[in-house]
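Visitor: Need coordinates for the following:
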Amino acid sequence: QVQLVESGGGLVQAGGSLRLSCSASGRTFSSYAMGWFRQAPGKEREFVAGIRWSGGATYYANSVKGRFTISGDNAKNTVYLQMNSLKPEDTAVYYCAAATSAGWGTVDAMDYWGKGTLVTVSS
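Guide: Sure thing, here's the model as predicted:
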């Protein structure tokens, strides 16, 4: 069984920074891409950022472009999310996810999920 474990969440003031980490454990698997999603209270889970290992292409939601940076290590199935200039509207539970094939990027297309880490941005 594959497990994704996130860490790095917490409480930060607006304008501050946090770095989230996600690592895989358990059964060995080969991921096609990994990404971060978030879910704020009362809202649907949404895509935040993703990285496709082949070629290293990165993708971002418009709401975080220029503020968040995704990076990672394909061999270790590890991914990071550097979050700068945080805003109160970034408050959410952040989930790490992995996809094993193309067509990823939506909630339904990801194959493995972490349990999430809470990020709270105070104004």
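Visitor: ok, which stretches of the chain are strands?
Guide: 2-7, 10-13, 18-26, 33-39, 46-52, 58-60, 68-73, 78-83, 92-99, 112-113, 117-122 (DSSP state E).
Visitor: I'd like the mean pLDDT over the longest one, please.
Guide: To tie it back to what came earlier, the one meant is strand 18-26. What strand 18-26 shows for mean pLDDT is 94.
Visitor: Off-centre distance for that strand?
Guide: 9 Å (C-alpha atoms, centre = their mean, to the nearest Å).
Visitor: List the buried residues in that strand.
Guide: For strand 18-26, a neighbour-count test (16 or more other C-beta atoms under 10 Å) marks 18, 20, 21, 22, 23, 24 as buried. (C-beta placed from N, C-alpha, C; glycine too.)
Visitor: Ok, the first one next?
Guide: Residues of strand 2-7 classed as buried under the neighbour-count rule (16+ other C-beta under 10 Å) are 2, 4, 6.
Visitor: just so I know, which of the strands of the chain lies nearest residue 105?
Guide: Distance to residue 105, taken as C-beta to C-beta, is lowest for strand 46-52 among those, at 6.0 Å.
Visitor: Work out the sheet partners of that closest one and label each with its direction, please.
Guide: Here strand 46-52 is paired, per DSSP bridges, with strand 33-39 (antiparallel), strand 58-60 (antiparallel).
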